[in-house]
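In: What follows is a predicted protein model with its sequence.
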Amino acid sequence: MQEIRIRQAAGERIRVKLGFPLLLLSLCILTAAVCSFLYRYDNKYTAPGPGAAYGNMDLRGDDAFEPRGLVWLADGWEFYGGELLTPHDFQNSAPTPDRYVFAGQLGGFETVNGQPHGSASYRITITLPERAQTYALYLPEVFSACRLYVNGTERLTLGQADPEHYRAETAEKAVYFEAAGQVELLLAVSDYSHTYSGLVYPPALGLPDAVDWMAALRLNLRTALLTLTALIGGIALLLFAANRGNPLPALYALVCLSFLGYTCYPVAKTLFPTLGGLHFVENLSFCAMILLVFLLQRKLLALEHPVNTFGILFGAAVCLACVSYHLLLPGAGLGLLLSYSKLMALYKWLSAALLTAGAVLSLRQADETTPHAKVLLCGMAVFDTALAMDRLLPLYEPIYSGWFLELASLCLVLLIGAVLLREIYGRAVTSLVLEEDIHLTRQNIAMQKEQHHTMMEAIAQERAFRHDLRQHISVLHELAGADDLDALKRYFDKLEGALPPRQDGAFCENAPVDTIIRHYAARAGLVGAEFAAAVQVGADIAISEVDLCVIFGNLLENAVEACARQQEGSKYIHVCAGPSVGAFAITVENRFSGSLRRNPSGFLSSKGSRPGIGTASVRAITKKYGGMASFETVGDTFRASVILHL
């Protein structure tokens, strides 16, 4: 039997030891599955629809625009480097394209002249059904100035693409046109001021309702995400305003603000097309968000380790580099652009490694921060997996949701919020317990002073009685010698009345509990209440004496205060407590007048509109022992019942 128990205990330890690693593995697998699902079903590059090849796309089929009513023009674009072409250039002898590219294949124009900036043209010919109808072309941002021609007609101009008069302007636009048969789309693009150049994101062609619905849904989903983040950040600020001594809510509010800056680009660009500097805000916000996560990790996990310190210093340095880079961007060469890109990639991977290592180090400390470390490690498992999937599935452009790293960052922010909420709750509970301890300490001091005063009065009375005892004996001798029995009886009666009052016996064998009951018995007498107690609490009871004192103190204090408020009728407090079949039961009944206010969670304090702290403390201790506490009224009697399992 002993061997079986040992094996069972060993198996339980193994399950506990392997449980959390299995959870982390499950989160990694789930994150990879979600990323793969989004890559397959929410990706402009893998969306269903006919593909393009060598500058041509055929959309004459009945199901060409199914199932979403639009197709993404991701690949098959003719690329003409270093030229701003117009439809006139294709009328006689059409130029030969330098290559065929998909949208986003070339992050810049360095393949043309070795420099990241310059000019280029993109062209694609689409064959539509012969029946004329209205189409919509959804054009994402094209960096950083462009002219759009549809069938030889200029339909859209953003900024000024001519190098001599260059002016940057980007926006997401929908261009509506009527067409049948072949349609030629021509984009003439220049960029001399941005990180990216040219056609980076795939456009979409479809029916107007489908294009408008897609754009509206994208905007609404993003707006909902930003609203949720702003709401959470606002709540964190309110928590900080309520307790300025705790900086954690303020740091978390900054994390939410950084996440807003990191993900607000599509919404801000849609609502404010001419607003500039959004890419700078996006990059700086991401760097700041990671830096703030390092700071929160240090605060929440009490992690003063070189790993965390290096992460904070490196994050601050990258934030400064980000600001410097965007100040130098207008004249930046290819070397600076590539260096900054490598720095950002290094920052992502190194920060992920350092944050994960910090959480693991905190987990190994096995202290009160272990639950926080586990939650943060779960968030880092999601973040690390999303970062890896971003490299494994690079050709990803979300239609409705978001980038892998954005979604993982949202998960990390929410989990940090959960940790912070738990920390704030723990501090609030600790504060309440401390207040209760202070109250109990003051109560004990008052009771000690009261007992000391009573004892000193008894000693003084005894001294006075002893001092007068000789005179009493002399008088008794004289009366006895004179055989005056009547006078002797009268003198004995007077002497009996002069004796010091007899002290009441103990209410129970447990000294701390007995002291509490004595104190409130005296207070009950001061308010004119009858006090009766039948209490059986041994000195070696299996329940903490501190917990018992808190329960008896709170229940009796409420009873005495209720009697003190009573204006008419008899006042009484009856206490009954003792062991009963594996449990310890306490019942306190008292008379009250008026009405008691309550809400679904229980009776409200007579001192305000919130639930009473005393009854909350009683419920918390009862829960600790797996018992129950009930508070009820029967007529003008209030009854509090507590059961604690031994």
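Out: Received it, and whenever you're ready, just let me know what you need. Numbering: from 1, shown residues only.
In: before we move on, which element is R639 in?
Out: Taking DSSP states H and E as the criterion, R639 maps to strand 637-645.
In: Could you do V375 as well?
Out: Under the assignment here (DSSP H and E), V375 is part of helix 370-392.
In: packing partners for that helix?
Out: For helix 370-392, the packing partners by 3 or more C-beta pairs under 8 Å, 6 or more residues apart in numbering; DSSP states H and E come out as helix 2-41, helix 278-300, helix 334-365, helix 404-481. C-beta here means a position set from N, CA and C on the backbone, and glycine is covered the same way.
In: List the buried residues of it.
Out: 372-390 (16 or more other C-beta atoms under 10 Å).
In: now A174, what's its secondary structure?
Out: Recorded secondary structure, A174: strand (DSSP: H, G, I helix; E, B strand; the rest coil).
In: Look at it and report its pLDDT.
Out: Reading off the confidence values, A174 has pLDDT 94.
In: from what I can see it touches P140, true?
Out: No. Look at A174 against P140 with C-beta atoms under 8 Å: they stay out of range, at 10.5 Å.
In: Same drill for the two, tell me which one is more crowded.
Out: P140 (19 against 15; other C-beta atoms under 10 Å).
In: rewinding a little: with respect to L156, which of the helices and strands packed on helix 370-392 lies nearest?
Out: helix 278-300 (20.3 Å; C-beta to C-beta).
In: Would you mind pulling up the elements that the closest one packs against?
Out: Short answer (3+ C-beta pairs under 8 Å, 6+ apart): helix 278-300 packs on helix 248-263, helix 265-271, helix 306-328, helix 334-365, helix 370-392, helix 404-481.
In: 6 Å instead, please
Out: helix 248-263, helix 265-271, helix 306-328 (3 or more C-beta pairs under 6 Å, 6 or more residues apart in numbering; DSSP states H and E).
In: How about the contacts made by the residue sitting nearest the centre point of the chain?
Out: What sits nearest the mean C-alpha location of the chain, by C-alpha atoms, centre = their mean, is G417, with 1.6 Å. Residues near G417 by C-beta atoms under 6 Å, 6 or more residues apart in numbering: I232.
In: Farthest from the middle of this structure: give me that residue.
Out: A482 (94.1 Å).
In: Please determine how far that residue is located from R591.
Out: Per C-beta to C-beta, to the nearest Å, A482 is found 56 Å from R591.
In: What of V281?
Out: Relative to R591, and taking C-beta to C-beta, V281 is found at 67 Å.
In: With D636 instead?
Out: 6 Å.
In: Which one of those two is surrounded by more residues?
Out: R591 (20 against 12).
In: Per-residue pLDDT of the more buried one, please?
Out: The per-residue pLDDT reported for R591 equals 89.
In: Provide a list of residues in contact with it.
Out: 571-572, 636.
In: cutoff 7 Å now
Out: 563, 566, 569-572, 636-637 (C-beta atoms under 7 Å, 6 or more residues apart in numbering).
In: Identify all contacting residues around stretch 249-268.
Out: With C-beta under 7 Å, 6+ apart as the criterion, stretch 249-268 contacts 218-219, 222-223, 225-226, 229-230, 232-233, 236-237, 239-240, 275, 278, 281-282, 285-286, 288-289, 292-293, 295-296, 299, 402, 406, 409, 413, 416-417, 420.
In: From those residues, keep the buried residues only.
Out: The buried subset of these - by 16+ other C-beta under 10 Å - is 218, 222, 225-226, 229, 232-233, 236-237, 239-240, 278, 281-282, 285-286, 288-289, 292-293, 295-296, 299, 402, 406, 409, 413, 416-417, 420.
In: so can I have TSV of the contacts of R591 showing pLDDT?
Out: Converted to TSV, the contacts of R591 look like this (pLDDT from 0 to 100):
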residue	pLDDT
C563	91
Q566	87
G569	83
S570	88
K571	91
Y572	93
D636	85
T637	89
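In: which ones among those are found in helices?
Out: Cross-referencing the contacts of R591 against helices under DSSP state H gives C563.
In: Neighbour-wise, give me the winner out of the contacts of R591.
Out: C563 (24 neighbours).
In: Who are the contact partners of it?
Out: Going by C-beta under 7 Å, 6+ apart, the list of residues near C563 reads 524, 527, 529, 571, 573, 590-591.
In: now swap in Y100 and tell me
Out: 54-55, 76-79.
In: What pLDDT is listed against it?
Out: So Y100 comes in at 95 (pLDDT).
In: Phi first, then psi, for it.
Out: phi -110, psi 130 (degrees, to the nearest 10).
In: From A120, how far out is it?
Out: 13 Å.
In: Same check on Y201?
Out: 15 Å.
In: Which one's more surrounded, these two?
Out: Just comparing Y201 and A120: by other C-beta under 10 Å the higher neighbour count belongs to A120, 26 against 18.
In: Once you drop chain neighbours, what's closest to the more buried one?
Out: Spatial nearest neighbour of A120, excluding adjacent residues (C-beta to C-beta, 6 or more residues apart in numbering): G81 at 5.1 Å.
In: Much appreciated, bye for now.
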